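Participant: Got a sequence here, can you model it:
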Amino acid sequence: MKMWINGKNEDSCSSEYMDVRNPATGKLVDSAPAGCREDVDAAVEAAGRACGSWASLSPQERARFFYRAAGLVRERGEELALLLTSEQGKPLPEARNEIRGFASVLEYYCGLASTLKGEFIQGPGNGYSFTLNEPLGVCAAIIPWNMPALIMGWKLGPALVSGNTVVLKPASSTPLTNLKLAFLLGEAGLPAGVLNLVTGPGSVVGEAIAGHPDIRKLSFTGESGTGKRVAALAAPTLKRLTLELGGSDPMIVCDDAELETAVDGVLRGRFYNCGQTCTAVKRLYLFEGIAEEFLGLLERRVRSLRVGNGMLDGIDMGPLNNEGQRNYVAELVRGVEERGEGKILTGGKVPAGGGYSDGYFFEPTLISEVSPDSRLLTEEVFGPVLPVVRVQNLDEAIEEANRTRYGLGASVWTKNIDRVRQAYEQLKAGTVWVNQHLKVAPELPFGGTKESGLGRENGPYALSDYLESKTVMIRT
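Facilitator: Next comes the predicted model:
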């Protein structure tokens, strides 16, 4: 496997390669170059050469490439889903859905291309004024391993359709699907240099991108501490930043909620993608009056989840993506148990048996009676572990939900419109769901408050972040 620079596969300046292993088996899937700073420079130069001709096309002309690419992605969806599962670990149905999501995002921005226009302004006196919206130039994207295909679409769609060129760094453990998608974009006719991928470690390739003086905008998705490092490296060049960082999303279930529906919401919201989703349900707050019944329903459903290799039929949850992530989750749960910070209702360990010995599996875990200062409530737990806290009323639930440095998403489950209004007005989060959780649509802005990041992705909001407004004043 090679990097994708200037419209073709290229070798890295480095002779080193990174192994990409199947998280369910530990077996080698493929390898990718461990790129270097010179590779980033080459990619930025290629993107710079392509800027003028790409920006000179109309938005509708640029959109035609993405319609064709989306069609190719849909045609080869099964091949791409198999590749995604092999390197990321998620069950095949989830991988298929993510690949379709990538295609849908491209198609959405194709439709949005016609909205790219300036504004005529009638001013006083003799003359007139108008604004132009111009592309920034070379932009960059750094994407994580949890949803590599979908997040690639989120970043490429608005950047490319608005006339910018892009340098993209995939995650080190999941570069293969991104490289294949870049190849399909090239097959759809995307001109050379418009999209360039550089694989390699974040400490080398990521830092070179963040600090590069010729990159005018960087969109980063990842952990909050890494996002702060990216912001510091980007500061001297004053490049624009979108930072979609960590989350510790609360889910509040009121005593008038539809319990079965809410239980379904917990299962999908927490254990989808093995809990490795920024907007996953990471803290569950239950009204005291329904807590026992709700926990009984939830525990039975959690125990029934089928854990295994995502390539197999009937699997509900695959492995964690890498050994370090699995070890972190296991250590966290072990510490909670040792310190008496909660009661494990189900799960809490690495599953036994030969089928799990080579992968990064961890049981879906439910923990009640969690102490307020437990790391389960203060950190972003990126894995299949759900802490449960009982509350007396909505005021207490909102106070506890907001007691975090994060502010990505939150949900409330109730039939009472007054409770709905109180929740969406008082919860400190970029997205508030009502009687649902996790859904993110390409039409709607997505991002967080506090240490969950800066800026918004998706929708027209994302397009504006990739355009520079120029004012023209003419005297007649």
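Participant: list the contacts for the spatially closest residue to Leu408 that is not a sequence neighbour?
Facilitator: Closest residue to Leu408 apart from its sequence neighbours, by CB to CB, 6 or more residues apart in numbering: Gly247 at 3.0 Å. In short, each C-beta sits where N, CA and C put it, glycine included. For Gly247, the contacting residues are 278-280, 282, 380, 406-409, 448, 452, by CB atoms under 8 Å, 6 or more residues apart in numbering.
Participant: Buried residues, the host helix or strand of Leu295. List them.
Facilitator: Using DSSP states H and E, Leu295 maps to helix 288-303. By neighbour count on 16 or more other CB atoms under 10 Å, the buried set for helix 288-303 is 290-291, 294-295, 297-299, 301-302.
Participant: Extract the C-alpha set from that helix and format it as PDB.
Facilitator: Taking C-alpha atoms only, helix 288-303 is exported to PDB below (Å, rounded to 0.1, in the frame of the first residue of the first chain):
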ATOM      1  CA  GLU A 288     -35.100   7.400  40.900                       C
ATOM      2  CA  GLY A 289     -38.700   6.400  40.300                       C
ATOM      3  CA  ILE A 290     -37.900   4.300  37.200                       C
ATOM      4  CA  ALA A 291     -34.300   3.400  37.900                       C
ATOM      5  CA  GLU A 292     -34.900  -0.200  39.200                       C
ATOM      6  CA  GLU A 293     -37.200  -1.200  36.300                       C
ATOM      7  CA  PHE A 294     -35.000   0.500  33.700                       C
ATOM      8  CA  LEU A 295     -31.800  -1.100  35.000                       C
ATOM      9  CA  GLY A 296     -33.500  -4.500  34.900                       C
ATOM     10  CA  LEU A 297     -34.500  -4.100  31.300                       C
ATOM     11  CA  LEU A 298     -31.100  -2.700  30.300                       C
ATOM     12  CA  GLU A 299     -29.100  -5.400  32.100                       C
ATOM     13  CA  ARG A 300     -30.900  -8.200  30.300                       C
ATOM     14  CA  ARG A 301     -30.400  -6.500  26.900                       C
ATOM     15  CA  VAL A 302     -26.700  -5.800  27.600                       C
ATOM     16  CA  ARG A 303     -26.100  -9.400  28.600                       C
END
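Participant: Residues contacting that helix, please?
Facilitator: Helix 288-303 has contacts (CB under 8 Å, 6+ apart) with 253, 255, 257, 259-260, 262-263, 266-267, 271, 286, 345-347, 364-366, 368, 388, 390-392.
Participant: Would you write a ChimeraX line that selects the buried entries of the residues you listed?
Facilitator: Those of the contacts of helix 288-303 that count as buried under 16+ other CB under 10 Å are selected in ChimeraX with:
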select :253,255,257,259,262,263,266,267,271,286,345,346,347,364,365,366,368,388,390,391
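Participant: Could you tell me which of the contacts of helix 288-303 belong to strands?
Facilitator: Counting by DSSP state E, these place 253, 286, 345-346, 365-366, 368, 388, 390-391 in strands.
Participant: Just the mean pLDDT for the helix holding Leu295, thanks.
Facilitator: For helix 288-303, mean pLDDT is 98.
Participant: Can you give me the pLDDT of the closest residue in space to Ala43 that isn't next to it in sequence?
Facilitator: Once flanking residues are discounted, Ala43 sits nearest to Asn196: 3.9 Å by CB to CB, 6+ apart. For Asn196, the model assigns a pLDDT of 97.
Participant: still on that earlier bit, where does the residue nearest to Leu408 fall, phi/psi-wise?
Facilitator: Main-chain torsions, Gly247, degrees, to the nearest 10: phi -150, psi 160.
Participant: Report the separation between it and Ala401.
Facilitator: Per CB to CB, to the nearest Å, Gly247 is found 12 Å from Ala401.
Participant: List the contacts of Ser173.
Facilitator: By CB under 8 Å, 6+ apart, the residues touching Ser173 are 20-21, 87-88, 145, 321-322.
Participant: which two in the residues you listed are spaced the farthest apart?
Facilitator: Arg21 and Trp145 (12.1 Å; CB to CB).
Participant: show me what contacts Ser162?
Facilitator: 59, 116, 133, 135, 463, 466-467.
Participant: for those residues, which one is nearest Ala32?
Facilitator: Tyr466 (27.1 Å).
Participant: How about the contacts made by that closest one?
Facilitator: Here Tyr466 is in contact with 135-136, 139, 158-159, 162, 164, 217 (CB under 8 Å, 6+ apart).
Participant: What's the PyMOL syntax to select whichever of those are buried?
Facilitator: Selection of the buried residues among the contacts of Tyr466 in PyMOL, burial being defined by 16+ other CB under 10 Å:
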select buried, resi 135+136+139+158+159+162+164+217
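Participant: So which of the contacts of Tyr466 belong to strands?
Facilitator: Judged by DSSP E, those include 135, 139, 217 as members of strands.
Participant: my read: the first one touches Ala55, true?
Facilitator: Spelled out, it's Pro135. Yes - using CB atoms under 8 Å, Pro135 is in contact with Ala55, at 4.9 Å.
Participant: shared neighbours of those two, anything?
Facilitator: What both Pro135 and Ala55 touch, as defined by CB under 8 Å, 6+ apart, is the set 163-164.
Participant: any weak-confidence spans in the stretch 151-300 of the chain?
Facilitator: Scanning the stretch 151-300 of the chain for pLDDT under 70 picks out no residues.
Participant: before we move on, what about the stretch 1-150 of the chain?
Facilitator: Filtered on pLDDT under 70, the stretch 1-150 of the chain yields the residue ranges 1.
Participant: Show me the strands in it, by range?
Facilitator: 3-5, 8-10, 17-21, 28-33, 119-121, 128-135, 138-142 (DSSP state E, counting those that start in this stretch).
Participant: Quick one, which of those gets closest to Asn178.
Facilitator: So among those, strand 3-5 is nearest, using CB to CB, at 8.7 Å.
Participant: So which residues make contact with that closest one?
Facilitator: Counting by CB under 8 Å, 6+ apart, 9-12, 32-33, 35, 39, 42-43, 46, 179, 182-183, 186, 195-199 sit against strand 3-5.
Participant: Just the buried residues from the residues you listed, in ChimeraX please.
Facilitator: This is how ChimeraX selects the buried members of these, with burial counted by 16+ other CB under 10 Å:
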select :10,12,32,33,35,39,42,43,46,179,182,186,195,196,197,198,199
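Participant: Just the ones of the contacts of strand 3-5 in helices?
Facilitator: Among the contacts of strand 3-5, the members found in helices (DSSP state H) are 39, 42-43, 46, 179, 182-183, 186.
Participant: neighbours around the closest residue to Asp249 other than its chain neighbours, how many?
Facilitator: Spatial nearest neighbour of Asp249, excluding adjacent residues (CB to CB, 6+ apart): Gly409 at 4.4 Å. Here the number of neighbours of Gly409 (other CB atoms under 10 Å) works out to 31.
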